[in-house]
Structures are given as structure tokens and as C-alpha cells.
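Novice: can't give you the sequence, but here's the structure:
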């Protein structure tokens, strides 16, 4: 849809540019017949051209407005792409975050099972009570339950990631399993505002819409002024 809006805006630019050129109309007629027992053939052709001499700046303002409208459509298309890239990045981080959590749970279970095996040996040697052994087993089962939840989180995150890519659950897509190294940099508010004004499509669209409205007001004022047509 955003791409088609850009195409429509390009057509409006061409239409506004065409208004600068004269409009030509070609007319032709052919007549055959008999009058007073005399056969005759009549043929006429002509070219009519119309060109506005002065429209109080309406043509130039309309053309500039169409160019601004094209820029707005292009920025909106860029915004669609940027929003999609952000959503895809969010699903990606959810996936590798779920994988990291699962890896942590698996490491915890490995340590807990070692501790459980040691506790059973100590119980056999009557160094632990049954209550203490059952407490250790309950903690291991709790860790396994948490691992099951982590596995479900990974499956759900993978499904959402593939869905964002418009792929089915059976698609074979491997995402990097580690978080990229963060680029640590001191944030400067003024620099952040300048970068946002330069690269964020939504901010650029708002600025262009203000300019578009200015041309709209100029065109409305120009319609009330006089015009001369040469035919």
C-alpha cells in the first residue's frame, strides 16, 4: 500500500508538471454529398491550443505541493520499513533471550542433579534425613518444571519470529544465539534530536505536512485572484 501511494504521488507530480504546457485539441471533419445535382466533398481540419498566461502562482504552487506530497509518501514508505525492522528486531531479541534463559535452566538442572546424587549417597550413609532428601528432590523437580516453561518460551518466541518473517513453523531459519556486543556511547540529547530529525521518517513526515499545508493555503489564496487565458 505504501509503495502504491508513492506511485500515485509520482503520477500527481507528472500531472502538475503537465499543467505548465499548453493543451492541444485536434479537430477534423469529412463531408460527402450532392447538392443541386453536383457532387461535393468537404474536408476541414484544425488545431486548437490553450495555454494559461497567468494563474496567480497556482500552477507553480500546485507543482511544488505535489513534490512535497511525493516526499511525504516516500517517507511514509520508509517508516513502514523502519517499523517492520524494529518489530523484527524485537522478536529476534525475544528469541535469543528465551534461548539464553533455557541454557541457564539446563545448567541449573545439571548442577541440581549432581547435588541430588550427592544427597542420595549421604542419605544412604545416614548423613541426611528423608525429609532433607525429599526437599532436594522437590527443588530438582522445580528446576525441571522451570526448564519446561523455558522450552515453551523458546518455541513461542521462534513461532512469533517466523510469523514476522511470513514463514511457516516448519521453516528452517537459524538466528544467531548470542546478543550482539552493545555499542556503549554517552548519549547527547541535542545530538539525539538532530539524528531523529534527520533519520526518523515520522518526524520528517510531520515537517513535510506543515510545508504541504502552507502550499495548500497559498493555492486557496491564488484562486481568488484574476487569471488570463490565451486560446
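Specialist: Alright, I've got the coordinates. On a predicted model such as this, the values are computed, not experimentally measured, just so you know.

Novice: got the phi and psi for residue 82?
Specialist: For residue 82, the backbone dihedrals (degrees, to the nearest 10) come out as phi -70, psi -40.

Novice: quick check: it touching residue 201?
Specialist: Yes - at 5.9 Å, residue 82 counts as touching residue 201 under the criterion of C-beta atoms under 8 Å. All C-beta spots, glycine's among them, are computed from the backbone N, C-alpha and C.

Novice: more neighbours: which of these two?
Specialist: Neighbour tally, residue 82 and residue 201, criterion other C-beta atoms under 10 Å: the higher count belongs to residue 201, 18 against 15.

Novice: hmm, residue 86 and that one touching each other?
Specialist: No - at 11.6 Å, residue 201 does not count as touching residue 86 under the criterion of C-beta under 8 Å.

Novice: helices along this structure, start to end?
Specialist: Listed in chain order, the helices of the chain (DSSP state H) span residues 2-18, 58-124, 130-164, 189-199, 201-222.

Novice: turn these into TSV, including mean pLDDT.
Specialist: Formatted as TSV, the entries for these read as follows, by pLDDT from 0 to 100:
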stretch	mean pLDDT
helix 2-18	91
helix 58-124	88
helix 130-164	89
helix 189-199	82
helix 201-222	80
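
Novice: not counting residues beside it along the chain, what's closest to the residue nearest the centre of the chain?
Specialist: Among the residues of the chain, residue 80 comes closest to the average C-alpha position under C-alpha atoms, centre = their mean, at 1.3 Å. In space, residue 80 comes closest to residue 2 once its chain neighbours are excluded; the distance is 4.6 Å by C-beta to C-beta, 6 or more residues apart in numbering.

Novice: isn't the one you found right up against residue 74?
Specialist: No - counting by C-beta under 8 Å, residue 2 does not reach residue 74; the two are 9.0 Å apart.

Novice: more crowded one of these two?
Specialist: In terms of neighbours (other C-beta under 10 Å), residue 74 is the more surrounded of residue 2 and residue 74; the figures are 20 against 14.

Novice: what sits closest to that one if chain neighbours are left out?
Specialist: On the basis of C-beta to C-beta, 6+ apart, the spatially nearest residue to residue 74 that is not a chain neighbour turns out to be residue 6, at 5.7 Å.

Novice: the one you found and residue 75 touch, don't they?
Specialist: No - shown here, residue 6 and residue 75 do not form a contact pair, counting by C-beta under 8 Å, at 9.8 Å.

Novice: more neighbours: which of these two?
Specialist: More neighbours surround residue 75 than the other of residue 6 and residue 75, with 23 against 17 (other C-beta under 10 Å).

Novice: that one is in contact with residue 207, isn't it?
Specialist: No - at 9.3 Å, residue 75 does not count as touching residue 207 under the criterion of C-beta under 8 Å.

Novice: what about the closest residue to residue 112 other than its chain neighbours, neighbour count?
Specialist: With C-beta to C-beta, 6+ apart as the measure, residue 140 is the residue that lies nearest to residue 112, at 4.6 Å, once sequence neighbours are left out. Under the neighbour criterion other C-beta under 10 Å, residue 140 is assigned a count of 17.
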